[in-house]
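S.K.: predicted model and sequence below, questions to follow.
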Amino acid sequence: MTDKTMTADEAVARLASGMTLGIGGWGSRRKPMALVRALLRTAVTDLTVVSCGGPDVGMLAAAGRVRRLVAPFVTLDSVPLEPHYRAAREQGALELTEIDEAMFLWGLRAAAHRIPFLPVRTGLGSDVMRINPGLRTVTSPYEDGETFVAVPALRLDAALVHVNRADRRGNGRYLGPDPYFDDLFCEAADTAYVSCERIVDTAELTKEAAPQTLLIKRHTVTGVVEAPNGAHFTSCAPDYGRDEAAQREYVSTPWPVYAERHLGRGEGSGT
């Protein structure tokens, strides 16, 4: 079977400016931060980022790498609104497509199934329709005649996700309380790169948790990166919780200073 292991730098070297990039995790939980930091050390820019946003979005936005964001929210959980994202948004530095969480889920699911849209009730009668004038409705062809929002597929050129364990073939397992949408990000993308706390033999993947936690299947994965502590400073339960002290430093530090301190001189600055 194919060995898909690579380094974080090798994974992000396959990304290109102008791509639509999906980033897994949720807020400040199990974000693929090792991959995001590696991406910030490249010149890749002009990205459309699709994410339940956290510091991944904040860092990329602060560095000027995001042209458009598709998200239901951008939060650090214990800090309700991600401050670096907020600053970029207030400065008009990026376009925003803000949709409901259910729409986000079904947009990824439509992309995973390679269909152009999926019908949902969510959004009808709300301002989601007003602020997204491109959204369309469809009428059921059956006798009920119900009207639905036609949520367009969120097709991705590439996806980055982080899980607790993976094997060299690309099978990935989460051990925490929530899968988030990581499997759908991989399925919705043309290429997907999975970082993990530890690479294990395939036989070991079913020893730590129930088989249904074997969330990510190898046929949806392009590359596997072993990255211990690779979600830091976000949480990766049960391996570790969110590092609140590191998150407070991120929140309180101007981006150029933070980038120089944690990414290297001049890197991540967008210049």
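M.R.: Thanks, I have the structure now. Keep in mind it's a predicted model, so treat the numbers as computed, not measured.
S.K.: quick check: which ranges of the chain have low pLDDT?
M.R.: Along the chain, the model assigns pLDDT under 70 to residues 1, 264-271.
S.K.: quick one: the strands in it?
M.R.: Counting by DSSP state E, the chain has strands at residues 20-23, 47-51, 66-71, 95-98, 117-120, 136-139, 147-152, 156-166, 172-173, 189-199, 223-226.
S.K.: next, the buried residues of the fifth one.
M.R.: Meaning strand 117-120. Buried residues in strand 117-120, defined by neighbour count with 16 or more other Cβ atoms under 10 Å: 117-120. Where you see a C-beta, it was placed from the backbone N, CA and C, and this is true even at glycine.
S.K.: now do the phi/psi pair for the nearest residue to residue 183 once chain neighbours are set aside.
M.R.: Nearest residue to residue 183 in three dimensions, chain neighbours excluded: residue 215, at 4.8 Å (Cβ to Cβ, 6 or more residues apart in numbering). With angles defined as degrees, to the nearest 10, residue 215 sits at phi -70, psi -40.
S.K.: residues touching the nearest residue to residue 37 once chain neighbours are set aside, list them.
M.R.: Leaving aside its sequence neighbours, residue 37 sits nearest to residue 263 (Cβ to Cβ, 6+ apart; 6.2 Å). Counting by Cβ atoms under 8 Å, 6 or more residues apart in numbering, residue 263 touches 37, 40-41.
S.K.: picking up where we left off before, let me have the strands of the chain in a markdown table, extended by distance to residue 234.
M.R.: Below are the strands of the chain laid out as a markdown table (distance: least, Cβ to Cβ, whole Å):
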| stretch | distance to residue 234 |
| --- | --- |
| strand 20-23 | 11 |
| strand 47-51 | 12 |
| strand 66-71 | 16 |
| strand 95-98 | 22 |
| strand 117-120 | 28 |
| strand 136-139 | 35 |
| strand 147-152 | 27 |
| strand 156-166 | 9 |
| strand 172-173 | 17 |
| strand 189-199 | 12 |
| strand 223-226 | 16 |
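S.K.: which one of these lies nearest to residue 87?
M.R.: Closest to residue 87 of these is strand 66-71 (Cβ to Cβ; 12.5 Å).
S.K.: mind giving me the packing neighbours of that closest one?
M.R.: strand 47-51, helix 55-62, strand 95-98 (3 or more Cβ pairs under 8 Å, 6 or more residues apart in numbering; DSSP states H and E).
S.K.: dump the C-alpha coordinates for the second one into CSV.
M.R.: C-alpha atoms of helix 55-62 as CSV (Å, rounded to 0.1, in the frame of the first residue of the first chain):
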residue,chain,number,x,y,z
PRO,A,55,-6.6,31.2,14.7
ASP,A,56,-6.1,29.5,11.3
VAL,A,57,-8.2,32.2,9.8
GLY,A,58,-6.9,34.9,12.1
MET,A,59,-3.2,34.2,11.2
LEU,A,60,-3.8,33.9,7.5
ALA,A,61,-6.0,37.0,7.4
ALA,A,62,-3.4,39.0,9.4
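S.K.: what about the helices in this protein?
M.R.: All helices of the chain, identified by DSSP state H, fall at 8-12, 33-40, 55-62, 83-90, 101-112, 127-131, 182-188, 244-252, 255-263.
S.K.: can you select the buried ones from the contacts of residue 263 in PyMOL?
M.R.: Typed into PyMOL, the next command selects the buried ones out of the contacts of residue 263 (criterion: 16+ other Cβ under 10 Å):
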select buried, resi 37+40
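S.K.: out of the contacts of residue 263, which one sits closest to residue 86?
M.R.: Nearest member of the contacts of residue 263 to residue 86, counting by Cβ to Cβ, is residue 40, at 18.8 Å.
S.K.: and that closest one, how far from residue 251?
M.R.: Note on residue 40: its distance to residue 251, by Cβ to Cβ, to the nearest Å, is 17 Å.
S.K.: and stretch 65-75, which residues are buried?
M.R.: 65-67, 69-75.
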